[in-house]
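1. coordinates only, no sequence provided:
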């Protein structure tokens, strides 16, 4: 398996993979991603060298963005708000590879990269109804912090997101 930063040539395959993830999430009652999010963010992620992919031969099997900011970072009570932190965003695993440990593998990769970049914490937000993601993060020793980040969209759709962190 190959792990690397994504490049523009990966964009079509990434979007196809995430469309399948969205379809699978919708079928399981987790309707939080759509045609816009996360796919519309990948091009900017690639340009800013923050989108990482895991490949099996030439097939993308997982991806995540590693960011130094998050819109909800001030909405919850981090253990040490002033510590340098990185945020894992848009973590997705190809549906053909689900339940094979790829999410945990990607979290380990994100931890190593964040630590290399000088972060003391790896943090993330997860929507309250996304039980599979919550289980993945708690299994990988992330700790839920107090508070909820609430985001309301133009169409009235509301997301309630919990903050999780791990000290690196």
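-> Received the coordinates, thanks. Quick caveat, the model's predicted, so the values are computed rather than measured.

2. check which helices and strands the single longest helix found in the chain sits against.
-> Taking DSSP state H as the criterion, the chain has its longest helix at helix 11-27. Applying 3 or more C-beta pairs under 8 Å, 6 or more residues apart in numbering; DSSP states H and E, one finds that helix 11-27 contacts helix 42-47, strand 59-67, strand 85-93. Where C-beta positions appear, they are placed from N, C-alpha and C, glycine not excepted.

3. other residues contacting the helix or strand following the first one?
-> Following the chain from helix 42-47 toward its C-terminal end, the next helix or strand by DSSP states H and E is strand 51-56. The contact list for strand 51-56, computed with C-beta atoms under 8 Å, 6 or more residues apart in numbering, reads 1-6, 10, 14, 42, 45, 60-66, 90, 97, 102, 105-106, 109-110, 113.

4. mark which of those residues are buried, thanks.
-> Neighbour-count burial (16 or more other C-beta atoms under 10 Å) is assigned, among those, to 6, 10, 14, 42, 45, 60-66, 90, 97, 102, 105-106, 109-110, 113.

5. tell me the contacts of residue 117?
-> residue 86.

6. typo on my end, residue 149
-> Per C-beta under 8 Å, 6+ apart, neighbours of residue 149: 71-72, 75-76, 125, 160-163.
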